[in-house]
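Participant: Whatever this is, show me its structure:
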Amino acid sequence: MKPTLIPYLNFNGNAREAMTFYQSVLGGELNIQSFADAGMAKNLEDGSRTMHATLKNDLISFMASDGMPGKDVVFGDNVHMNVVGSDEALLTGFFNKLLEGGKVDMSLARQFWGDTFGMVTDKFGVHWMVNISSQNN
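Facilitator: You can find the predicted model right below:
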């Protein structure tokens with residue numbers, strides 16, 4: 001198996017909701033394991049938290065969790081999920097679905113480098129970039 005970089009997102013108790021939303025946007029197979037499933041829950045509240053989730057299809061693969069019980073996740077702007085491709089209808093659809101309940105950071109529009117590009121922060125506080133390659137690139 002060749003090395004692969006796979007983004008891993010952490011949430012504060014809503015990883016299941018977020019990953020289910022991302023599956024509705026991006027499609028794919030979603031697998032979720034709670035702390036209770038893994039026998040790692042110290043109490044009922046911890047048991048419902050997501051220990052590990054994977055969303056995967058032919059185009060994407062990323063993982064998530066609710067982080068360790070008792071430790072809050074701090075959100076920042078140092079990481080963006082970047083979706084790149086040339087299928088304008090598909091990627092525009094991703095952008096619009098990610099925008100539901102979120103906010104536009106940069107409108108999806110033709111850029112000086114020739115591609116169509118935009119940025120959105122989704123309703124879970126995750127930053128996304130969508131880059132639709134021009135036919136000339």
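Participant: May I have the residues that are in contact with G118?
Facilitator: Applying Cβ atoms under 8 Å, 6 or more residues apart in numbering, one finds that G118 lies in contact with F95, V104, M106, S107, L108, A109, M129, V130. In this view, the C-beta of every residue, glycine as well, is placed from N, C-alpha and C.
Participant: Go again with 6 Å.
Facilitator: Counting by Cβ atoms under 6 Å, 6 or more residues apart in numbering, G118 touches F95, M106, S107, L108, V130.
Participant: now do A18
Facilitator: Each residue near A18 by Cβ under 6 Å, 6+ apart is listed here: F11, F124.
Participant: which SS state does it fall under?
Facilitator: Local secondary structure at A18 is given as helix here, using DSSP: H, G, I helix; E, B strand; the rest coil.
Participant: With N82 instead?
Facilitator: Under the three-state scheme (three-state DSSP), the conformation of N82 reads as strand.
Participant: which stretch of helix or strand covers the nearest residue to it once chain neighbours are set aside?
Facilitator: Across the structure, with Cβ to Cβ, 6 or more residues apart in numbering as the measure, the residue nearest N82 apart from its sequence neighbours is M129 (4.4 Å). According to DSSP states H and E, M129 maps onto strand 127-132.
Participant: Over to M106?
Facilitator: Taking DSSP H and E as the criterion, the element that holds M106 is strand 103-110.
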